[in-house]
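*Asks:* coords please:
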Amino acid sequence: MLRIVVAKPGLDGHDRGAKVVARALRDAGHEVVYTGLHQTPEQIVETALQEDADMIGLSVLSGAHMTLFRRLTELLAEREAGDIVVFGGGIVPEEDLAPLAELGVARIFTPGATTGEITSWVREQEQALETQQQ
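*Replies:* Numbering: from 1, shown residues only. Model prediction:
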């Protein structure tokens, strides 16, 4: 079982998708902490550290994905928590996927991704983490 922080950064108030993903991850057996709306990257990282999270999932629909993911990964590195797997979903143009990967974002789920795809990918990450810990 992974501990996953699901967060909704910035001023975007559309959190239905984040709540659906949080519930799907919970139903798949993971411990999920949903931070609620309007979180800063600093608040999200602090929550992840306090909760000893294995993963952080961001829902970004505002168009600020490059700025938000960059700041989040910088903060994780500063706090020596770069081992926390970062993933996200939302409105992200195809041309931004490679730059986000370069920042250390493990996966972006774009519109149309199913909860089954997301939970399957998280399960794969869990298995990889277990292998690393052995």
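*Asks:* Name the residue closest to the centre of the chain, please.
*Replies:* G57 (1.4 Å; CA atoms, centre = their mean).
*Asks:* wait, isn't that one in contact with V85?
*Replies:* No - using CB atoms under 8 Å, G57 is not in contact with V85, being 9.1 Å away. (Each C-beta comes from the backbone N, C-alpha and C, glycine too.)
*Asks:* need the strands for the protein, in chain order.
*Replies:* 3-7, 31-34, 55-60, 85-90, 105-109 (DSSP state E).
*Asks:* list the contacts for the residue nearest to the centre of the chain?
*Replies:* Under the criterion of CB atoms under 8 Å, 6 or more residues apart in numbering, the contact partners of G57 comprise 4-7, 18, 21, 25, 86-89.
*Asks:* CA atoms of stretch 48-56 as CSV?
*Replies:* The C-alpha atoms that make up stretch 48-56 are tabulated as CSV, following Å, rounded to 0.1, in the frame of the first residue of the first chain:
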residue,chain,number,x,y,z
ALA,A,48,3.8,15.0,1.6
LEU,A,49,6.7,15.2,4.1
GLN,A,50,4.4,15.2,7.1
GLU,A,51,2.4,12.3,5.8
ASP,A,52,5.5,10.4,4.7
ALA,A,53,4.1,10.1,1.2
ASP,A,54,5.4,7.8,-1.5
MET,A,55,3.8,9.8,-4.3
ILE,A,56,2.3,13.2,-5.1
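*Asks:* what comes into contact with that stretch?
*Replies:* For stretch 48-56, contacts defined as CB under 8 Å, 6+ apart pick out 2-7, 33, 44-45, 47, 72, 76, 79, 81, 84-87, 122, 125-126, 129.
*Asks:* Show me how far that stretch is from its chain's centre.
*Replies:* Distance of stretch 48-56 from the chain centroid (CA atoms, centre = their mean, to the nearest Å) equals 10 Å.
*Asks:* Run through the bridge partners of G57.
*Replies:* Legend: beta-bridge partners of G57 under DSSP bridges are V6, F87.
*Asks:* how near is it to W121?
*Replies:* G57 sits 11 Å away from W121, going by CB to CB, to the nearest Å.
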